[in-house]
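1. generate coordinates for the sequence data below:
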Amino acid sequence: MTEQNQLNWQRDNFENIEEAWKDDLWDRKRLGEQLTHYVDRLNCGAVLALDARWGEGKTWFVRHWQKHLEDEKHNVIYLDAFANDYLDDPFLVVTSEITNILSKDKKTKGKVEKLIDLSASVGSALLPSLPKIALTLGLHLIGAGFFNSVLQQGYENAKDEIDKLSDEASDRIKESIQEKIVGHEAEKKTLSEFKKHLAETVVKLDKPLVFIIDELDRCRPDFAIRLIERIKHFFDIKNIVFVLVMDKAQFSKVICHNYGYDEALGEEYLDKFVDFEVSLKKKSLLPYEEIYEIIEEYLSQIGFVRNSSNKGVIGLISVLYLYKKINMRALLKIVNKVSLFQVENNLKNEFLVYLLFDIDVLNRFNKTEDFLEYVRSDLIGLTEYCLLDRIVGIESSMPEEELKKLQGDGLSKLVFNSTLNSELLLNIDMLLEKNEKAYFKMIDWLSKDLFENPYEGNLIENWKKYLFI
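-> Below is the predicted model of the structure:
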């Protein structure tokens, strides 16, 4: 579901989804159903990776899939890894989530108490010993008033105390290592018993337990790596399916940084823990007609007033989205701003769209209030921001025939032209001030090709000569 604030700014809230796949503008339901069928057919445990770039809707998908699975009577766990990475070891996080869900099922709740006891034993075995020894010694030192003794007896006496405590620490560390060696077989037995009991418990479930782990590429690197290692070593059990949600390329870089691998080895290391990988379909591959319908529907949901005269705004957003290849999250931010800042003048609305898609231009506005005032003002000056503000700013004084010329097909092609970099725009600004005839001729030249213009280099290098055309 979504929430809206007083500024008509829509934001996601996936905590309590009432209807799975509601407002499924990108037809994700089909993928969710396919994955559900895949999970139901599994006769073993599995680790799936859901791969997509930042902003491509991973969390939206898995949250709605979670609701879909719950409606299909699956036991589902959703874990935000980023929200839990303050913990040292993820084993107890995973175990506590599993025991919590199993305690709610009539067929498994009778085995949960023993599973908790075994989990505690395994978790204790996984904790490092030396920090515990250091903590014990630290408490001993403070309790004995050691530092007060140091101050009173001076450096020599303190040295004797430190030597004694160093010997004590050495003895305790040695003793701990000996205990570890002796207890190694016992720990192996405990781990084996834990896996066996967990397997015997989850097999009683009517359908596989689906454990979704989101934000894996955002959490602390050592926590993320330890998490996937713990899953493979301790939870590779029939009837449990883990779904790791990540940007695989980004997560591979985390692995490379942590282990010193090159990029290829980072992906190979990750592949050792993943049985099956699914990539979300890139939105830019959808045809224009579908993109148009999606944006039109989304704008209507957030209060954009649609009429026959502003269809060009929707079409413009669609074309620039396909051309710029931005991600879904960035697109929705732009659409929200278009709805928030819309005015009655559709030429200004289209101008707003161009500004929002041009990051360099947008960054020149430090505050939302400045941006809003700039767009809604009838006194937009002749600035170097964009050629379009020239049209908006002088439309009242421009002869009608020249205004029509600018508002026609040539204008559309001009603005879509990818060659309109800031240097060229600045030169065009100067050209208008010097020679209006040359200005309109340059517009005609720039409009000849939609996305590629052979005149770009010539215009940038020799723009001064056009002042005298």
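2. how about low-confidence regions in the stretch 301-450 of the chain?
-> 308-310, 323, 347-348, 358-450 (pLDDT under 70).
3. who's in contact with Val274?
-> By CB atoms under 8 Å, 6 or more residues apart in numbering, the residues touching Val274 are Val47, Leu48, Ala49, Leu244. Heads up, the C-betas are built off the backbone N, CA and C, glycines and all.
4. save those residues as JSON lines, and put in neighbour count and secondary structure too.
-> As requested, the contacts of Val274 are exported to JSON lines (neighbours: other CB atoms under 10 Å; DSSP: H, G, I helix; E, B strand; the rest coil):
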{"residue": "Val47", "neighbour count": "21", "secondary structure": "strand"}
{"residue": "Leu48", "neighbour count": "21", "secondary structure": "strand"}
{"residue": "Ala49", "neighbour count": "22", "secondary structure": "strand"}
{"residue": "Leu244", "neighbour count": "26", "secondary structure": "strand"}
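5. which of those residues lies closest to Asp40?
-> Taking CB to CB as the measure, Asp40 lies nearest Leu48 of those, at 13.4 Å.
6. any idea how far the closest one is from Val274?
-> Applying CB to CB, to the nearest Å, the value for Leu48 to Val274 is 7 Å.
7. joint contacts of those two?
-> Leu244.
8. isn't Thr108 right up against Asp206?
-> No - applying CB atoms under 8 Å as the test, Thr108 and Asp206 come out as separate, 10.5 Å apart.
9. which one's more surrounded, those two?
-> Using other CB atoms under 10 Å as the criterion, Thr108 and Asp206 rank with Thr108 on top: 22 against 10.
10. which parts of the stretch 51-200 of the chain are strands?
-> Under the criterion DSSP state E, counting those that start in this stretch, the stretch 51-200 of the chain contains strands at 76-80.
11. what about the helices in it?
-> Assignment of helices within the stretch 51-200 of the chain using DSSP state H, counting those that start in this stretch yields the ranges 58-71, 91-102, 112-126, 129-143, 146-202.
12. between the ones you listed, which gets the lowest average pLDDT?
-> Within the helices of the stretch 51-200 of the chain, confidence is poorest for helix 129-143, with a mean of 39 (mean pLDDT).
13. distance of Lys311 from Ile302?
-> 17 Å.
14. quick revisit: so which of the contacts of Val274 is the closest to Lys196?
-> Closest to Lys196, out of all of these and judged by CB to CB, is Val47, at 20.0 Å.
15. which SS state does the closest residue to the closest one other than its chain neighbours fall under?
-> Among residues not flanking Val47 along the chain, Phe242 sits closest, at 4.7 Å (CB to CB, 6 or more residues apart in numbering). What DSSP: H, G, I helix; E, B strand; the rest coil gives for Phe242 is strand.
16. residues in contact with the residue nearest to Leu87 when sequence neighbours are not counted?
-> For Leu87, ignoring the flanking residues on the chain, the nearest one in space by CB to CB, 6+ apart is Val93 at 6.0 Å. Applying CB under 8 Å, 6+ apart, we find Val93 in contact with Leu79, Asn84, Leu87.
17. can you select the buried ones from the residues you listed in PyMOL?
-> Listed next is the PyMOL selection for buried residues among the contacts of Val93, using 16 or more other CB atoms under 10 Å:
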select buried, resi 79+84
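18. may I see the contacts of Val93 arranged in a markdown table, with distance to Gln34 and pLDDT as well?
-> Below are the contacts of Val93 laid out as a markdown table (distance: CB to CB, whole Å; pLDDT from 0 to 100):
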| residue | distance to Gln34 | pLDDT |
| --- | --- | --- |
| Leu79 | 23 | 92 |
| Asn84 | 29 | 88 |
| Leu87 | 34 | 81 |
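19. dump the contacts of Val93 into TSV; add distance to Met328 as well.
-> As requested, these are exported to TSV (distance: CB to CB, whole Å):
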residue	distance to Met328
Leu79	23
Asn84	26
Leu87	31
